[in-house]
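[1] What would the 3D arrangement of this be:
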Amino acid sequence: MSGSAVSPLPHPFPAQTLAPWRRAVIKVGSSLLTDGRGALGTHNAAVLAALIARFRAQGREVLLVSSGAVAAGRGLVARRRGSLVQRQALASLGQTPMLALWQGLVDQPVAQVLLSHDDLRNRRRYLNAQATLQELLRSGALPIVNENDTVAVDELKLGDNDNLGAAVATLVDADVLFIATDTQGLYTGHPTRDPNARPLTRVEAITPEIMRMTAGGAGALGTGGMATKLEAASKAAAAGIDTALFCGRDAGALDALGQDVLHGTLIPAHGPRLLARKLWLHHQPACRGRLQIDAGACRALAERGASLLPGGVVNVEGDFSSRAVVDLIDLDNRRIGRGLVQYHASDLQRIAGRHSQEIEDVLGFHNGRAVVRRDDLVLMDRMH
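    Down below sits the predicted model:
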């Protein structure tokens with residue numbers, strides 16, 4: 001009809017409200033950061049940067065896991081394919097322009113953090129990375145995390161940054177993992193090839209059937225794309241972290257996301273966040289540190305669900321940093337629990353047996369009144 005307004009088509013993924021969150025990891029892939037000719041492009045990155053600024057204005061913290069270094073390096077030297085060593089060189093060449101791209105789009109300072117799987121496996125390096133990222137967030141910076149492709153051997157493959165995003169989300173205790181894709185979400189089939197493909201707005205568990213939906217030939221959703229995103233979502237869910245898949249090219253979806261409304265696929269955490277955290281603690285390898293606690297502290301932990309205070313600590317064994325996983329033992333040297341400590345071993349030795357109010361007088365600072373907070377503690381017998 002002449003002169004009549006055309007109603008916009010409804011979004012294939014209906015709106016769903018996200019749970020409140022304070023800290024998020026956003027993962028952005030190379031396909032959203034290139035201009036179609038192999039070089040870095042600003043269009044999608046600018047919209048994503050505006051979303052990050054919006055989150056920051058809301059008082060929230062964001063970490064960015066950004067691909068694009070290899071693509072940027074390839075654009076500089078016009079090399080399409082090559083050996084692993086050549087790709088590592090491309091990653092090194094492309095790091096500076098990739099960081100410059102983001103720094104030119106956000107007002108806050110950006111900080112480069114390069115991680116490898118070894119950094120996440122080694123407990124000391126894991127804790128160092130955790131402390132660095134926490135401090136960067138406190139300083140108001142935007143941490144931009146990438147796989148250390150320059151020295152990686154078997155990790156440098158398409159999709160690794162999806163799993164890196166889940167690892168970083170766990171590392172910093174994020175509330176949600178946002179994965180920006182070049183599709184609108186997860187479908188039951190390839191949306192351009194399967195006329196019966198339907199959108200999946202919520203996936204409670206990443207089952208083999210769900211993974212089969214991402215399989216296909218060249219150009220299908222799972223070819224270096226959706227399959228690794230679902231793997232990452234599964235890891236995040238096991239750590240008590242929600243994952244939201246959305247289209248990084250969809251301005252409307254990005255605007256809605258700034259209002260805590262998702263047009264995409266939500267993979268919720270497996271069970272309550274606190275339970276997932278305690279399961280994670282239960283299965284984490286402890287460092288060589290142990291805290292021996294008295295009978296009163298044992299009862300307070302078991303019967304009242306209390307935090308471990310310095311007054312209940314009898315002995316400190318080993319050398320460990322704050323936020324290390326240590327074992328808790330009773331006076332008979334039986335392991336009764338495990339938890340994340342708030343203080344370095346040398347500091348704990350100085351405040352062991354003292355009242356919480358004395359911590360700052362003894363140390364000159366305090367990380368809280370508890371040695372191990374109740375949310376960072378799991379008791380072995382209760383897990384069984």
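[2] List phi and psi for residue 173.
    Taking degrees, to the nearest 10, you get phi 60, psi 50 for the backbone angles of residue 173.
[3] thought it was touching residue 23?
    Yes - under the criterion of CB atoms under 8 Å, residue 173 makes contact with residue 23 at 7.1 Å. Every C-beta, even on glycine, is put in place using the N, C-alpha and C of the backbone.
[4] So which residue is smack in the middle of the protein?
    residue 169 (1.3 Å; CA atoms, centre = their mean).
[5] Show the pLDDT at that residue.
    What the model reports for residue 169 is a pLDDT of 92.
[6] what's the answer for residue 219, then?
    At residue 219, the model reports a pLDDT of 35.
[7] again, but for residue 37
    pLDDT, residue 37: 66.
[8] quick one: low-confidence parts of the stretch 151-300 of the chain?
    The stretch 151-300 of the chain contains residues with pLDDT under 70 at 151-159, 215-224, 271-277, 279-280, 282-287.
[9] Remind me what the helix or strand hosting the residue nearest to the centre of the chain packs against, helices and strands.
    Under the assignment given by DSSP states H and E, the secondary-structure element containing residue 169 is helix 160-171. Helix 160-171 is packed against strand 23-28, strand 61-66, strand 110-115, helix 123-138, strand 142-147, strand 176-181, helix 226-238, with contacts defined by 3 or more CB pairs under 8 Å, 6 or more residues apart in numbering; DSSP states H and E.
[10] got the angle between it and helix 226-238?
    Compare the direction of helix 160-171 with that of helix 226-238 by axes from the mean of the first three to the mean of the last three CA atoms, to 10 degrees and you get 10 degrees.
[11] Can you name the residues that contact residue 11?
    Shown in contact with residue 11 (CB atoms under 8 Å, 6 or more residues apart in numbering): 184, 252, 253, 263.
[12] Leaving out chain neighbours, which residue sits closest to the first one?
    Once flanking residues are discounted, residue 184 sits nearest to residue 247: 4.5 Å by CB to CB, 6 or more residues apart in numbering.
[13] Tell me the backbone dihedrals of that neighbour, please.
    Taking degrees, to the nearest 10 as the convention, residue 247 sits at phi -90, psi 120.
[14] For burial, what's the neighbour tally of residue 206?
    Using other CB atoms under 10 Å, residue 206 has 21 neighbouring residues.
[15] and the nearest residue to it once chain neighbours are set aside, how far is that from residue 243?
    Nearest-residue entry for residue 206: residue 234, 4.0 Å, with adjacent residues in sequence omitted and distances by CB to CB, 6+ apart. Distance check for residue 234 against residue 243: by CB to CB, to the nearest Å, it reads 9 Å.
[16] next one: residue 128
    Taking CB to CB as the criterion, residue 128 is separated from residue 243 by 26 Å.
[17] quick one: which of those two has more around it?
    Ranked by neighbour count (other CB under 10 Å), residue 128 and residue 243 place residue 243 first, with 29 against 13.
[18] now for the one helix or strand the more buried one maps to, which elements pack on it?
    Following DSSP H and E, one finds residue 243 within strand 242-247. Here strand 242-247 is seen to pack against strand 176-181, helix 226-238, helix 251-257, strand 264-267 when contacts are counted using 3+ CB pairs under 8 Å, 6+ apart.
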